[in-house]
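> build me a structure from this.
(one chain, ligands or ions: 1)
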Amino acid sequence: MYLIFRCDCGRALYVHESNSVKRCVCGRLIKVKSRRILGKVNSFEEASEIVRKLQEEKYGKAVLMTADKYGENE
Ligand SMILES: [Zn+2]
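Purely as a prediction, here's the structure:
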């Protein structure tokens, strides 16, 4: 089972349930039990897919708008 949660920096993360801590790319070491768990899934593939969707919800539109602007300029 994999647990899905967010870091304080807003990044979505997943961790295998056997792990009690996870280091985010922002450098924070997160105690999994201290976080609100957003989801639980059985496979690594599902976990990475959900994390990707959560990231898109938060950052996806801004990234797309930036890409569109670059496209127009070139
Ligand atoms: Zn973080």
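
> show the residue spans covered by the strands in this structure.
Applying DSSP state E to the chain gives strands spanning 2-6, 12-16, 21-23, 29-31, 39-41.

> next up, the contacts around the spatially most central residue of the chain.
Computing the C-alpha centroid of the chain and ranking residues by Cα atoms, centre = their mean puts A12 first, at 2.0 Å. By Cβ atoms under 8 Å, 6 or more residues apart in numbering, the contact list for A12 reads 4-6, 38, 50-51, 54-55, 58. Bear in mind the C-beta positions are built from the backbone N, C-alpha and C, glycine included.

> at 10 Å instead, please
Neighbouring residues of A12 by Cβ atoms under 10 Å, 6 or more residues apart in numbering: 4-6, 24, 38-39, 47, 50-59.

> and the residues you listed, which are buried?
Buried members of the contacts of A12, counted by 16 or more other Cβ atoms under 10 Å: 4-6, 24, 47, 50-51, 54.

> residues in contact with F5?
By Cβ under 10 Å, 6+ apart, F5 lies in contact with 11-15, 22, 30, 32, 34-39, 51, 54.

> what is it paired to in the beta sheet?
L13 (DSSP bridges).

> how close does it sit to the ion?
11 Å (Cβ to the ion, to the nearest Å).

> could you dump the strands of the chain into a markdown table with mean pLDDT added?
Converted to a markdown table, those look like this (pLDDT from 0 to 100):
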| stretch | mean pLDDT |
| --- | --- |
| strand 2-6 | 96 |
| strand 12-16 | 96 |
| strand 21-23 | 97 |
| strand 29-31 | 96 |
| strand 39-41 | 96 |
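
> looking at the contacts of F5, which is nearest the ion?
The closest of the contacts of F5 to the ion turns out to be R11 (Cβ to the ion; 4.7 Å).

> separation between the residue lying closest to G10 once chain neighbours are set aside and the ion?
Once flanking residues are discounted, G10 sits nearest to K58: 5.9 Å by Cβ to Cβ, 6 or more residues apart in numbering. Using Cβ to the ion, K58 is found at 12 Å from the ion.

> and stretch 19-34, what's buried?
Of the residues in stretch 19-34, those buried (16+ other Cβ under 10 Å) are 22, 24, 30, 32.
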